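turn this into a model:
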Amino acid sequence: MALKSGYMGLGVIDGLKIRVSEFSVNVKQEVEFYDHIIGLRDSLPSGLDTKGDDGKLNVQKTFWRPGVKICTGNVSFPATAKNLQKAFDLVKTGDDFELKFTYACNDVKRVFKFCKVSSFNFSVTAGDHATIQLGIMAREMTEGTGSYRWTSPEKLLTWDEVGITSISTHKIQMFSFVVNNPCLPIYTAGTNSSNDLFPKKIRIGMQTVTGSIVYYIKGISYNDLDASTGVNTIDIKISDKCSVSFNESLCVIYKPIERAANIGALLHTLPFVGVGKALGA
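Prediction:
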């Protein structure tokens, strides 16, 4: 039997093309059963030591209904100056957008409408390129055929182009932060619904920001990293070498540093949590 190999395709987020490295946004729906209407499956087949049981089986899963639908999953892609700004704006404002994706191995295209970013994860490690992972929740999905073509080259965002201003501005080994927008799907019933079982609205709860900065400890005073008694600002700026600038700030409180003692490079992790209008929104 011949196998048709393929690769993860291209995505379009709010009109901007991205090269996707992982895509798991799918429609999810469960079937709900009402076993308690029938009772317990408390009989055994005949031929066994049933101690007087007549051998009849109680029928199960007779009463059921289809559950509600929801489109959720993750999209991961290497960061560029363009898509970083686009993704950051969407998670900061909570605006609706449209997500398109082509499964290039079989020319299947899915379009997710009325999407919101439920989580935003940005990470960059020394010597590597920056990555972004978006958690997505959508209200609708349609499927068809079609493909997208990449029309112009775009440079990946590497660690040497990410400037971070924090308590200590040198010898950073890794920087990451996560923005969570807890999304709540709202469903309606009866004549208020179009009977497609998709949610009619998605609301966003309390936004939270967490993250950490990992330092090489040589040349850094422990007191410099531990001394955090108030609100601080972490400035993130993309190098001017990129064609599109990115300059954002996180309003955070630093938590006690996590000191490591192990064989290998000595690294200390400085965790933080956002406060107030942490994204400046």
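
low pLDDT regions in the stretch 101-250 of the chain?
Counting by pLDDT under 70, the stretch 101-250 of the chain has low-confidence residues at 104-106, 147-151, 168-170, 190-195, 218-229, 239-244.

repeat that with 90
101-110, 127, 140-173, 186-201, 204-205, 214-249 (pLDDT under 90).

now the helices for it?
222-226 (DSSP state H, counting those that start in this stretch).

bridging residues for the residue most central in space within the chain?
Per C-alpha atoms, centre = their mean, the C-alpha nearest to the average position across the chain is that of G135, at 2.4 Å. Note on G135: beta-bridge partners N74, S119, judged by DSSP bridges.

is it correct that it is in contact with C115?
No. Between G135 and C115 there is no contact, the gap being 10.5 Å when judged by C-beta atoms under 8 Å. Any C-beta I mention is one placed from the backbone N, CA and C, and that applies to glycine too.

now do the contacts for F101.
Residues counted as contacts of F101 (C-beta atoms under 8 Å, 6 or more residues apart in numbering) are 9-12, 20, 23, 25, 75, 109-110, 112.

now it. Nearest residue, chain neighbours left out?
With C-beta to C-beta, 6 or more residues apart in numbering as the measure, G11 is the residue that lies nearest to F101, at 4.7 Å, once sequence neighbours are left out.

what's the burial count for S249?
Applying other C-beta atoms under 10 Å, we find 14 residues neighbouring S249.

since we're on the residue nearest to F101, how many residues are nearby?
The burial metric for G11, expressed as a neighbour count using other C-beta under 10 Å, is 23.

mind pulling up the pLDDT for it?
On pLDDT, G11 comes in at 86.

ok, it - contacts?
Residues in contact with G11 (C-beta under 8 Å, 6+ apart) are 17-20, 23, 75, 77, 99-102.

okay, now A79: neighbour count?
24.

do the same with A265
Using other C-beta under 10 Å, A265 is surrounded by 11 other residues.

now the one 5 residues further on
L270 sits with 22 neighbouring residues when counted by other C-beta under 10 Å.

now I263
Residue crowding around I263 was assessed by other C-beta under 10 Å; the count is 5.

SS state for it?
The three-state label given to I263 by DSSP: H, G, I helix; E, B strand; the rest coil is coil.

how far does the helix or strand containing F88 sit from the chain's center?
Taking DSSP states H and E as the definition, F88 sits inside helix 81-93. Centroid displacement of helix 81-93 relative to its chain, using C-alpha atoms, centre = their mean, to the nearest Å, is 13 Å.
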